[in-house]
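>>> predicted model and sequence follow; I will ask about them next.
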Amino acid sequence: NVYLQEEIKLQHNFEEIISQSDAYKRVLNQVEQVAATDATVLILGETGTGKELIARAIHTISARKDRPLIKVNCAALPTTLIESELFGHEKGAFTGALARRNGRFELADRGTLFLDEIGDLPLELQAKLLRVLQEGEFERLGGAQTIRVDVRVIAATNRNLEQAISEGNFREDLYYRLNVFPITLPPLRERPEDIPLLVRHFTNKFSKKIGKQIDAIPRNVMTELCAYRWPGNVRELENLVERAVILAHDTTLTFDGTFVEQRRSDAALDSIAKPSSKPSNDTLETLEAVERNHIRRVLEETNWVIEGKHGAALLLGLNPNTLRSRMKKLGIQRPPRNRA
């Protein structure tokens, strides 16, 4: 009961998803489509892209919203305990099992079970999970009674499950059972138009929490944030803004040297384009102009090739279709070839 009350108290809802990008709008459309069903959902995406937030959104607008959303991090639990956590155990099932305990599947009955980091689930437990997904029944550890449950399962991972299958670390039949309705979350670098919104949202959030007033975010700071590749995605951005708010001495948001060094290191590793010989003038240019000039420079360096191993999309860390969309929005066109 205590666990359920703590879960219900958590304030995660659809309104906390901050985005204006077309890529994320497609994700939210998928959320609305699948929420009305009981289909199993597999959420794919890099670390920090908000997989749990999407799982909560699906649950919140589903018919199961009045029942709990129970979560299990498959990577955080020891192999020796995860079976007991998922399916429960009987008294005396193992040393220390002094009383019967219900597992997460029983707690989630008529609700939703969110299995985070499903790719780290031990191979020996995958068969038992497959049985629950197919037949809705299982036995507690150390018990013989078959227990039936009505649970909607949402799984998430940042791993390549198809590769894990080929390496023998993940069951192919379980993958197909989980992959009924896959949702792939775009990384933050593929939706740079969301970064200013997220920065303002996190700045307001932590300003109120800490008791500071932040009124201004310098243009050159925002330019740096939008140009960074964000390997940790939204979680990394949130942590960075929180640190900046803590360190702020006045009403202007600034960042310490740590981020500047990260930005320079990232640019050196990931950009093959030649550096511009012109002096930096970020403080005088709009964010849109900076983005336009950067994309144009990379396109010129790749001879306007967008896709492929040597294309501009790869160098910029963008999906080719996302790059074409940004080019159209920014008015970037390939110059006509000179005729002899």
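Nice, I can see it.
>>> wait, is I154 part of a strand?
Yes. Counting by DSSP: H, G, I helix; E, B strand; the rest coil, I154 falls inside a strand.
>>> which parts of the chain are strands?
41-44, 69-73, 112-116, 137-139, 146-148, 152-157, 181-184 (DSSP state E).
>>> which one of these lies closest to V34?
Taking CB to CB, strand 181-184 is the member of those nearest to V34, at 4.8 Å. C-beta: built from backbone N, CA, C; applies to glycine.
>>> next one: that closest one to chain centre, how far?
The chain centre lies 12 Å from the centre of strand 181-184; the measure is CA atoms, centre = their mean, to the nearest Å.
>>> now that strand: buried residues?
181, 183 (16 or more other CB atoms under 10 Å).
>>> do stretch 191-199 as well
By neighbour count on 16+ other CB under 10 Å, the buried set for stretch 191-199 is 191-195, 198-199.
>>> of these, which belong to helices?
By the criterion of DSSP state H, membership of the buried residues of stretch 191-199 in helices covers 195, 198-199.
>>> among the strands of the chain, which is the most enclosed?
Of those, the one with the most neighbours on average (mean count of other CB atoms under 10 Å) is strand 152-157, at a mean of 26.
>>> give the pairing partners of that strand; include direction for each.
Note on strand 152-157: by DSSP bridges, its sheet partners are strand 41-44 (parallel), strand 112-116 (parallel).
>>> domain-wise, how is this structure divided?
2-186, 194-259, 287-330 (the TED database).
>>> distance of the nearest residue to L115 once chain neighbours are set aside relative to L174?
Leaving aside its sequence neighbours, L115 sits nearest to A155 (CB to CB, 6 or more residues apart in numbering; 4.5 Å). For A155, the distance to L174 equals 10 Å [CB to CB, to the nearest Å].
>>> for the residue most central in space within the chain, give me its contacts.
Central residue of the chain (CA atoms, centre = their mean): T49, 1.8 Å from the mean position. Listed by CB atoms under 8 Å, 6 or more residues apart in numbering, the contact set of T49 reads 185-188, 233-234.
>>> also Q30?
By CB under 8 Å, 6+ apart, the neighbours of Q30 are 181, 183.
>>> what do you get if the cut-off is 6 Å, keeping everything else the same?
Contact analysis of Q30 by CB atoms under 6 Å, 6 or more residues apart in numbering lists I183.
>>> ok, it to I58 distance?
Computed as CB to CB, the Q30 to I58 distance reads 9 Å.
>>> ditto for R140
Distance, R140 to I58, by CB to CB: 28 Å.
>>> again with T157
Using CB to CB, T157 is found at 16 Å from I58.
>>> which residues in the stretch 51-200 of the chain form helices?
With helices called from DSSP state H, counting those that start in this stretch, the stretch 51-200 of the chain shows them at 51-60, 79-87, 104-107, 123-135, 161-166, 172-178, 195-210.
>>> closest to K309 out of those?
helix 161-166 (19.4 Å).
>>> just how off-centre is that closest one within its chain?
Centroid displacement of helix 161-166 relative to its chain, using CA atoms, centre = their mean, is 20 Å.
>>> pLDDT at V298, what is it?
Per-residue pLDDT puts V298 at 84.
>>> doesn't L314 make contact with it?
No. Counting by CB atoms under 6 Å, V298 does not reach L314; the two are 9.8 Å apart.
>>> ok, back up a step: dump the domains of the chain into CSV; add distance to P336 as well.
Below are the domains of the chain laid out as CSV (distance: least, CB to CB, whole Å):
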stretch, distance to P336
domain 2-186, 29
domain 194-259, 29
domain 287-330, 12
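>>> ranking these by mean pLDDT, which is last?
Ranked by mean pLDDT, those bottom out at domain 287-330, with a mean of 81.
>>> distance from that domain to the middle of the chain?
So, by CA atoms, centre = their mean, the centroid of domain 287-330 is 23 Å from its chain's centroid.
>>> can you check stretch 25-40 too?
Chain-centre distance of stretch 25-40: 16 Å, with CA atoms, centre = their mean.
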